[in-house]
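Enquirer: Would you be able to build a 3D model of this:
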Amino acid sequence: MKLRTAIFASLIATVALAGCQGSVFDGVGAKAERELPSKVQAKIKAKGMNKTSPVMARIFKEEGVLEVWKQKTNGRYDMVASYEICKWSGKLGPKFVEGDRQAPEGFYSVSAAQMNPNSQFYLSFNLGFPNAYDRAHGRTGQHLMVHGACSSAGCYSMTDESMSEIYAFGRDAFKGGQRDFQVQAFPFRMTAANMARYKSDPNYEFWAMLKEGYDQFEITKVPPKVDVCGKRYVFNQNFPGQQGISASAACPPMSQPDSIQSAYSSYQKTYDAAFSTAINKSSKKNLAPSIMGIQEAKLVSDWSARRARGEKVSRTPPSLSPASSETPGSPDTAAPTAIAQTPAPAAATTVATSAAVTAQPELDQNVTASVPVPASNPVAAETTPQAVPVVPSPEKKSLWNRMTGQ
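Expert: Sure thing, here's the model as predicted:
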């Protein structure tokens with residue numbers, strides 16, 4: 001009994017520092033073999049899908065939503081289910097270092113080996129952080145999951161009921177032959193209005209890069225082929241004559257199918273017009289808190305390490321967000337105060353890949369239909385967990401609960 005207690009205590013300390021760790025044991029629990037509810041199966045059939053056809057997932061932090069998309073018999077994907085994220089920790093923005101409590105953002109790939117039917121968090125799958133992009137930027141962390149139990153320290157946590165269904169979607173797709181499924185994790189729905197709202201955010205260039213993949217999925221309704229070169233994500237690119245590419249080295253000559261280029265160009269023109277209109281109406285109010293780069297991530301990581309060692313620390317992690325009504329806050333959380341509970345480490349420059357703002361209007365169905373279905377070849381991409389915001393007012397409690405796990 002003492003040995004089991006010691007092992008359990010050790011696991012808790014590791015989770016507090018590194019993220020959400022699931023445990024893999026022998027055997028497969030009955031919960032991992034539960035069938036999807038009959039109403040969900042009926043919806044799959046009505047949408048022209050097969051039970052074991054491929055799936056993908058999209059996560060939106062600010063909206064607190066995880067969507068499951070499934071392939072139809074015509075090769076394109078359609079959303080088949082949407083679940084409220086019960087809790088996630090940190091702020092908007094990527095994960096930088098282990099212990100910064102950030103939930104990842106980016107493009108990830110989940111294989112059958114990353115599925116855990118015996119997780120201590122009911123059921124789970126590992127996002128695969130750090131991926132090639134994260135490693136190229138020196139980002140660290142491990143055990144970043146989507147799991148049940150409605151408790152988060154850097155993961156995306158669902159209710160057990162929701163996780164049962166999400167897990168079943170992945171399990172059935174693997175039984176149908178899918179080798180891995182893509183998870184796209186975003187700070188928010190990347191509409192012109194939202195991009196205009198966050199145009200001054202320090203994470204904007206990173207988000208603009210992610211948006212290119214977001215847009216290409218909106219155009220094709222097929223998970224984009226994702227590669228990393230030049231320390232940035234590139235989408236649906238071909239590399240003639242290349243046996244392989246390096247995430248850190250400059251991108252070699254590459255090309256994109258003409259049909260996608262044409263549709264993307266049309267899409268961007270519509271988006272640019274919508275963005276210009278939105279930027280004139282955008283306000284700095286009602287913004288969710290976002291991480292202020294690597295310096296804040298290191299402060300939070302140090303706070304997490306000292307907390308895990310049992311040292312006396314502040315109830316909430318340190319934040320570099322200015323205490324101002326102009327500061328990114330959230331309609332559901334109070335703006336964080338500028339606190340520095342630990343000495344600030346030497347300032348480090350956040351490596352952010354620049355990308356032009358890309359298109360994202362409502363698409364004409366004829367445009368979508370004209371784009372051929374590209375081959376799907378997602379890569380294991382992961383994001384970075386973020387710091388916990390301060391306690392909000394009572395009327396803003398709902399999103400606060402999802403963000404902090406309280």
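
Enquirer: drop to CA atoms for contacts and neighbour counts, all remaining ones
Expert: OK.

Enquirer: which residues sit against stretch 248-255?
Expert: 136, 228-231, 237-240, 242, 245 (CA atoms under 8 Å, 6 or more residues apart in numbering).

Enquirer: Output it as PDB, restricted to C-alpha atoms.
Expert: Taking Å, rounded to 0.1, in the frame of the first residue of the first chain, the C-alpha atoms of stretch 248-255 are listed here in PDB:
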ATOM      1  CA  SER A 248      14.700  23.900 -39.500                       C
ATOM      2  CA  ALA A 249      16.300  24.400 -42.900                       C
ATOM      3  CA  ALA A 250      15.000  26.700 -45.600                       C
ATOM      4  CA  CYS A 251      12.100  25.300 -47.600                       C
ATOM      5  CA  PRO A 252      13.200  23.700 -50.900                       C
ATOM      6  CA  PRO A 253      11.400  24.600 -54.100                       C
ATOM      7  CA  MET A 254       7.800  23.600 -53.700                       C
ATOM      8  CA  SER A 255       4.500  23.900 -55.600                       C
END
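
Enquirer: Next, the buried residues of it.
Expert: For stretch 248-255, burial by neighbour count (16 or more other CA atoms under 10 Å) applies to 248, 251-252.

Enquirer: for the residues you listed, which one is nearest Ile59?
Expert: Ser248 (26.4 Å; CA to CA).

Enquirer: Just the element for that closest one, please.
Expert: For Ser248, there is no helix or strand it lies in under DSSP states H and E.

Enquirer: same thing with Ser304?
Expert: If you go by DSSP H and E, Ser304 is part of helix 293-308.

Enquirer: State the mean pLDDT of that helix.
Expert: Helix 293-308 carries an average pLDDT of 96.

Enquirer: and the gap between Glu62 and Ile245?
Expert: According to CA to CA, to the nearest Å, Glu62 and Ile245 sit 34 Å apart.

Enquirer: do Thr159 as well
Expert: Per CA to CA, Thr159 is found 39 Å from Ile245.

Enquirer: can you check Ser265 too?
Expert: In terms of CA to CA, Ser265 sits 26 Å off from Ile245.

Enquirer: And Asp172, by the same measure?
Expert: 32 Å.

Enquirer: more crowded one of these two?
Expert: The residue with more neighbours, out of Asp172 and Ile245, is Asp172; 20 against 15, by other CA atoms under 10 Å.

Enquirer: That one belongs to a helix?
Expert: Yes - counting by DSSP: H, G, I helix; E, B strand; the rest coil, Asp172 is found in a helix.

Enquirer: Determine the number of other residues adjacent to the residue lying closest to it once chain neighbours are set aside.
Expert: Spatially, and ignoring its direct neighbours in sequence, Asp172 is nearest to Thr52 (4.9 Å; CA to CA, 6 or more residues apart in numbering). The number of residues packed near Thr52 is 18, by other CA under 10 Å.

Enquirer: returning to what we had before: got a winner among the contacts of stretch 248-255 for most neighbours?
Expert: Neighbour max across the contacts of stretch 248-255 (other CA under 10 Å) = Val228, 23 neighbours.

Enquirer: That one contacts Ala247, doesn't it?
Expert: Yes - using CA atoms under 8 Å, Val228 is in contact with Ala247, at 4.8 Å.

Enquirer: Pull up the overlap in contacts between these two.
Expert: Shared contacts of Val228 and Ala247, defined by CA under 8 Å, 6+ apart, are found at 132-133.

Enquirer: so what's Ser301 up against?
Expert: Ser301 makes contacts with 17, 97-101, as judged by CA under 8 Å, 6+ apart.
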